[in-house]
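J.: Just to be clear, the model below is a prediction. Sequence and coordinates:
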Amino acid sequence: MTAIILDINDASLALWRNGEVLLSSPGYALLQGREYQFGEGARSQARRHPQQVNHRYWSQLNTEPMTPAFGPGRHSADLVHSHLLEIHQQAEQPDELIIAAPGSLQHDQLALLLGIIDACPFAATGLVDRAVAAAAEHGGADYNWHIELQLHQALITGLVYRDGELQRDQLIPIPGAGWLALQDSLARGIADAFIRQTRFDPRRQASTEQALYDLLPTLLDTLTHSPEHNLELGGHNARVERALLAQSCNKHYQRLQAAIAARPGQVLLADKLATMPDISALLPEAQGVDATAMASSIARHEQTICGREQGLHFITSLPCSKAQTATTDTTAAEPPTEPSAEPAQETVQETVSPSRCQIDIENHALTLRPLSGPTPQVNGEAANGPVALSDKDIIELADGTAWQLVQVKPEALADDGST
């Protein structure tokens, strides 16, 4: 029987099978009368009906009475139980699940979660740290940092490669730097763009504010491939620039960078964090890791994780192959020939795309545009946005490759007898 994995991250709980998502359900509960609605339906009402939505019951998992009261549930554990029952029902009621849990769960919270699962109509056959599972699929560097966004905090997991295993070494929670805080920073940046360009503030009305938050995941995905995007809200259109949104989130990026600065290592940015605008400017060597890696790793190590005969244990280390250090040819570009004062040869409109940047060429004018990933440099300065280029400019990529621009006389192209 193929294992079904329940990935517990309150930014979006998910069920996985065969490397595919069966369903996802963010950790939101909407109170409607005496009934709860969970997941995406609840999240989509969070700005319209904030007093009727709770999104802290996973992060504050306990049996303390909820204050203020929130419907028939006595405490957050009741909401977690109801949410799990809804997920189980929507997923055609599997009998067994492997649980991928965040390392931020305290010992008593983990025990409470397992007690709640015991009261559910399915069994937990395995329990593993989701960061360990995701990182193990990428090969163990000597030291590794896995950074994920929960709703109310970022969680940094330090992992060390030792004796053929990737082992959890430390946990660093960053309160106030979770998905909710980043969304708020992005929303402020977008609202500022609308106000400057149209005098319309999409946050003034609950409906347009909710629409703004609903659009964020798609917008972030678009901006990984483009420096700007036209956005429509409430009948108004504004140009939203990736660089400006990056500035809005910079304080959060700096907190993450500071937390891992003391120890060099491979940096893995999980899920939503990997799509944040220009995060690579502060974390240039980081690579994105989606939840597919976590699911694949758990499937690969199912026997190790489940250990049915030994009982249920929280797995915080997994077998892992040693990561191979990539080698890059960093040979300097050939010395440029002496540039001419005459115009360069007429060039047909085209796009040249070396790694991590794009150079647009049109009517003698060259413009470098950084793509997602490590930020290139022009003449030693970080290119966080479009940069106009001229002869003798030196472009340096994160992998050590260097490019120097040279102007060439049109007649020089045929000096060697070539056509």
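T.: Ah, there it is.

J.: Now do stretch 179-195: everything it contacts.
T.: 11, 55, 149-152, 200-203, 209, 212-213, 216, 219-220, 231, 233, 236, 238-241, 244-245, 247-249, 251-252, 272, 276 (CB atoms under 8 Å, 6 or more residues apart in numbering). Yep, even glycine has a C-beta here, placed from its N, CA and C like the rest.

J.: can you give me the offset of that stretch from its chain's centre?
T.: Its chain's C-alpha centre and that of stretch 179-195 lie 17 Å apart, by CA atoms, centre = their mean, to the nearest Å.

J.: Keep only those of the contacts of stretch 179-195 that are in helices.
T.: In this view, the contacts of stretch 179-195 that belong to helices under DSSP state H are 209, 212-213, 216, 219-220, 244-245, 247-249, 251-252.

J.: Let me see the contact set for Ser104.
T.: 150, 153, 155, 171, 173.

J.: what's the nearest residue to the last one if we skip its chain neighbours?
T.: Looking back up the chat, that one is Pro173. Gln153 (5.0 Å; CB to CB, 6 or more residues apart in numbering).

J.: count of residues packed around that neighbour?
T.: Residues near Gln153, counting by other CB atoms under 10 Å, number 22.

J.: Could you pull up the contacting residues of it?
T.: 59, 104, 173-178 are the contacts of Gln153 under CB under 8 Å, 6+ apart.

J.: out of the residues you listed, who has the most neighbours?
T.: Result: Ala177 is most packed of these (other CB under 10 Å), 27 neighbours.

J.: Give the closest residue to it in space, chain neighbours not counted.
T.: Ala154 (4.3 Å).

J.: So the one you found sits against His146, correct?
T.: No. In this structure, Ala154 is not within contact of His146 by CB atoms under 8 Å, at 10.8 Å.

J.: Among the two, which residue is more densely surrounded?
T.: Ranked by neighbour count (other CB under 10 Å), Ala154 and His146 place His146 first, with 29 against 24.

J.: Next up, the contacts around that one.
T.: 131-132, 134-135, 156-157, 159, 268, 270, 289.

J.: Please identify the buried residues of the helix or strand harbouring it?
T.: With secondary structure defined by DSSP states H and E, His146 is part of strand 143-149. Within strand 143-149, the residues that count as buried by 16 or more other CB atoms under 10 Å are 143-149.

J.: before we move on, what about stretch 62-70?
T.: For stretch 62-70, using 16+ other CB under 10 Å, the buried residues are 66, 70.

J.: Now do that stretch, average pLDDT.
T.: Averaging pLDDT along stretch 62-70 yields 95.

J.: one step back: would you reformat the contacts of His146 as JSON lines and include pLDDT, secondary structure and neighbour count?
T.: Listed next are the contacts of His146 as JSON lines, based on pLDDT from 0 to 100; DSSP: H, G, I helix; E, B strand; the rest coil; neighbours: other CB atoms under 10 Å:
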{"residue": "Ala131", "pLDDT": "97", "secondary structure": "helix", "neighbour count": "32"}
{"residue": "Val132", "pLDDT": "97", "secondary structure": "helix", "neighbour count": "29"}
{"residue": "Ala134", "pLDDT": "95", "secondary structure": "helix", "neighbour count": "28"}
{"residue": "Ala135", "pLDDT": "95", "secondary structure": "helix", "neighbour count": "29"}
{"residue": "Ile156", "pLDDT": "98", "secondary structure": "strand", "neighbour count": "22"}
{"residue": "Thr157", "pLDDT": "97", "secondary structure": "strand", "neighbour count": "26"}
{"residue": "Leu159", "pLDDT": "96", "secondary structure": "strand", "neighbour count": "30"}
{"residue": "Leu268", "pLDDT": "96", "secondary structure": "strand", "neighbour count": "25"}
{"residue": "Ala270", "pLDDT": "94", "secondary structure": "strand", "neighbour count": "25"}
{"residue": "Val289", "pLDDT": "91", "secondary structure": "strand", "neighbour count": "23"}
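
J.: quick one: the strands in the stretch 151-300 of the chain?
T.: Along the stretch 151-300 of the chain, counting by DSSP state E, counting those that start in this stretch, strands occupy 153-162, 165-175, 228-233, 236-241, 266-270, 287-289.

J.: between those strands, which gets nearest to Pro50?
T.: strand 228-233 (19.2 Å; CB to CB).

J.: Describe which strands the closest one pairs with in its sheet and in which direction.
T.: Strands that pair with strand 228-233, judged by DSSP bridges, come out as strand 236-241 (antiparallel).

J.: buried residues in the partner strand?
T.: 238, 240-241.

J.: With stretch 109-118 instead?
T.: Neighbour-count burial for stretch 109-118 [16+ other CB under 10 Å]: 109-110, 112-113, 116-117.

J.: Determine which two of the contacts of Ser104 are furthest apart.
T.: Largest pairwise distance in the contacts of Ser104, by CB to CB, is 12.1 Å, between Gln150 and Leu171.

J.: hang on, the earlier thing: can you tell me who the residue nearest to Pro173 pairs with across the strands?
T.: Pro175.

J.: pLDDT and neighbour count for the ones in helices among the contacts of stretch 179-195 - can I get that in JSON lines?
T.: Shown next, in JSON lines, are the ones in helices among the contacts of stretch 179-195 (pLDDT from 0 to 100; neighbours: other CB atoms under 10 Å):
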{"residue": "Glu209", "pLDDT": "97", "neighbour count": "20"}
{"residue": "Leu212", "pLDDT": "97", "neighbour count": "22"}
{"residue": "Tyr213", "pLDDT": "97", "neighbour count": "20"}
{"residue": "Leu216", "pLDDT": "97", "neighbour count": "18"}
{"residue": "Leu219", "pLDDT": "96", "neighbour count": "19"}
{"residue": "Leu220", "pLDDT": "95", "neighbour count": "19"}
{"residue": "Leu244", "pLDDT": "95", "neighbour count": "17"}
{"residue": "Leu245", "pLDDT": "96", "neighbour count": "27"}
{"residue": "Gln247", "pLDDT": "96", "neighbour count": "15"}
{"residue": "Ser248", "pLDDT": "96", "neighbour count": "20"}
{"residue": "Cys249", "pLDDT": "96", "neighbour count": "22"}
{"residue": "Lys251", "pLDDT": "96", "neighbour count": "12"}
{"residue": "His252", "pLDDT": "97", "neighbour count": "21"}
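
J.: which of these lies closest to Leu312?
T.: His252 (35.4 Å).

J.: Just to check, that closest one is in contact with Ala177?
T.: Yes. In this structure His252 lies within contact range of Ala177 using CB under 8 Å: 4.7 Å.
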